[in-house]
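**Q** quick one, what's the 3D model for this:
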Amino acid sequence: MVWLLPVIVVGGLFFPVLGYIVVGMMAFLLTMSFFKGRYWCWHLCPRGAFLDIVVSRMSPGRSLPSIFYKTWLRSIVLLAMMSLLVFRLVRTGGNPAAIGMVFVMICLVTTLVAVILAAVSKHRGWCVICPMGFLQEIIGKFSKRKR
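**A** Residues are numbered from 1 along each chain as shown. Next up is the predicted model:
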């Protein structure tokens, strides 16, 4: 899956409709989380594979500050990212290429944040605060209680 990340973040800059791959992945991972929790993150995530295969070579492997593991911070990151997503989608005016570009840019920016975190801490530092990972955790815990 590591090849999919550059296809989206580089190819998407030239072909914004590639952003719809992100939409498909989000739908798939959120559906999967009802049954497997955060399975996507550790087994299928293209960014996670990129961080493992490429970025881990430059990462110092330092621990993240304990604040990164706090539920309230992860909730703020999730809320901020979802608010930004909705705001940007509303501003597209329904233009399919603009909608695709919203997802390309979110993927690009979060990948840059992931690389910066990896450069100063552990290579999967982003995964601790990843909004999609946190949402998968929430859904996974909720669905286990319902069973």
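**Q** buried residues of the worst-scoring helix or strand of the chain on mean pLDDT, list them for me.
**A** Using mean pLDDT, DSSP states H and E, the weakest-scoring helix or strand in the chain turns out to be helix 131-146, at a mean of 87. Residues 131-140 are the ones in helix 131-146 that count as buried (16 or more other CB atoms under 10 Å). In this view, the C-beta of every residue, glycine as well, is placed from N, C-alpha and C.
**Q** now do the same contact list for Thr111.
**A** Going by CB atoms under 8 Å, 6 or more residues apart in numbering, Thr111 touches 5, 9, 47, 50.
**Q** rerun at 10 Å
**A** By CB atoms under 10 Å, 6 or more residues apart in numbering, the contact list for Thr111 reads 5-6, 8-9, 46-47, 50-51, 55, 126.
**Q** tell me how far the lengthiest helix in the chain lies from the chain's centre.
**A** As assigned by DSSP state H, the longest helix anywhere in the chain is helix 96-120. Distance of helix 96-120 from the chain centroid (CA atoms, centre = their mean, to the nearest Å) equals 8 Å.
**Q** sort out which residues of it are buried, please.
**A** Buried residues in helix 96-120 (16+ other CB under 10 Å): 99-108, 110-111, 114-115, 117-118.
**Q** let me know whether Phe50 touches Val7 as I believe.
**A** No. The pair Phe50 and Val7 does not pass the contact test of CB atoms under 10 Å, sitting 11.4 Å apart.
**Q** more neighbours: the two, which one.
**A** Neighbour count, other CB atoms under 10 Å: between Phe50 and Val7, Phe50 has more, with 23 against 13.
**Q** in what helix or strand does that one lie?
**A** helix 46-53 (DSSP states H and E).
**Q** flag every buried residue along the helix or strand that comes right after that helix.
**A** The C-terminal neighbour of helix 46-53 among helices and strands, as given by DSSP H and E, is helix 71-91. Residues of helix 71-91 classed as buried: 74, 77-78, 81, 88 (neighbour count, 16+ other CB under 10 Å).
**Q** perfect, that will be all.
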